[in-house]
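Engineer: Sequence and predicted model, in that order:
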Amino acid sequence: MRGGIAGALAIVVLLAASCGKEAKAETLTFYEHDTQQTNVDLGKKGDSPGDLFVFSGDVFDRKGGTKLGRLGGHCETISTGSHGETRCLAIFTLEGGQIVTDALYDTAAVFGGKIGPLAITGGTGVYRNVRGHGTVQVPTDVPDQADANFVLNLTDVATR
């Protein structure tokens, strides 16, 4: 099925202040490498709605760089065929808290190396009020597509 989802970190402070509480916006860039993957084939044999790809891996600031945390999640086949769609939920565990992402992708595009959009739906710790958007790009030249590059544009990150 599909390979992993992944990322690397470069923090850029963009703004501050929200509702009287000090908060900021950040752009985080990650490189992720899956350390575990599995496919669960549900329903009809082969690609079919309900199939799952489950993954977890290490998150770095860049390929070959400093480890910053972990990523875990799953992608579910929603539909197949020429307009096949895959929904992916992934959670970054970083120093200071977790960041939750969710997205519905054109399967062929995102697992064919194209950049796919994602939503930042929440988090914990310093990321407890975050929202935002981002992108993921899964390289096609890595065995099992076990790497991914993420850019997360966060709003309302609590100050530490």
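Structural biologist: Received it, and whenever you're ready, just let me know what you need.
Engineer: Any idea what the closest residue to residue 60 other than its chain neighbours is bridged to?
Structural biologist: Closest residue to residue 60 apart from its sequence neighbours, by CB to CB, 6 or more residues apart in numbering: residue 31 at 4.8 Å. Using the backbone N, CA and C atoms, a C-beta is placed for each residue, glycine as well. For residue 31, the beta-bridge partners under DSSP bridges are residue 60, residue 149.
Engineer: Kindly report the same for residue 86.
Structural biologist: Under DSSP bridges, the beta-bridge partners of residue 86 are residue 77, residue 105.
Engineer: related to what we said a few turns ago, report pLDDT for the residue nearest to residue 60.
Structural biologist: Note for residue 31: predicted pLDDT of 98.
Engineer: same check, this time on residue 82
Structural biologist: 89.
Engineer: what about the helices in this structure?
Structural biologist: For the chain, the helices defined by DSSP state H occupy 107-110.
Engineer: center of it - which residue?
Structural biologist: Central residue of the chain (CA atoms, centre = their mean): residue 90, 5.0 Å from the mean position.
Engineer: Can you tell me the closest non-neighbouring residue to that one?
Structural biologist: Per CB to CB, 6+ apart, closest to residue 90 is residue 73, 3.3 Å.
Engineer: And residue 23, by the same measure?
Structural biologist: Nearest to residue 23 is residue 156, by CB to CB, 6+ apart, at 4.7 Å.
Engineer: Run through the residues that contact that neighbour.
Structural biologist: Under the criterion of CB atoms under 8 Å, 6 or more residues apart in numbering, the contact list for residue 156 reads 18, 23, 25, 129-131.
Engineer: Next one: it from residue 108, what distance?
Structural biologist: Going from residue 156 to residue 108 by CB to CB, to the nearest Å gives 34 Å.
Engineer: Can you get me a residue count around residue 132?
Structural biologist: Neighbours of residue 132 under the rule other CB atoms under 10 Å: 22.
Engineer: Tell me what it is bridged to.
Structural biologist: Legend: beta-bridge partners of residue 132 under DSSP bridges are residue 120, residue 154.
Engineer: Wait, it touches residue 153, no?
Structural biologist: Yes. At 4.8 Å, residue 132 and residue 153 qualify as touching, with contact defined as CB atoms under 8 Å.
Engineer: quick one: common contacting residues for those two?
Structural biologist: The contact lists of residue 132 and residue 153 share 25, 120, where a contact means CB under 8 Å, 6+ apart.
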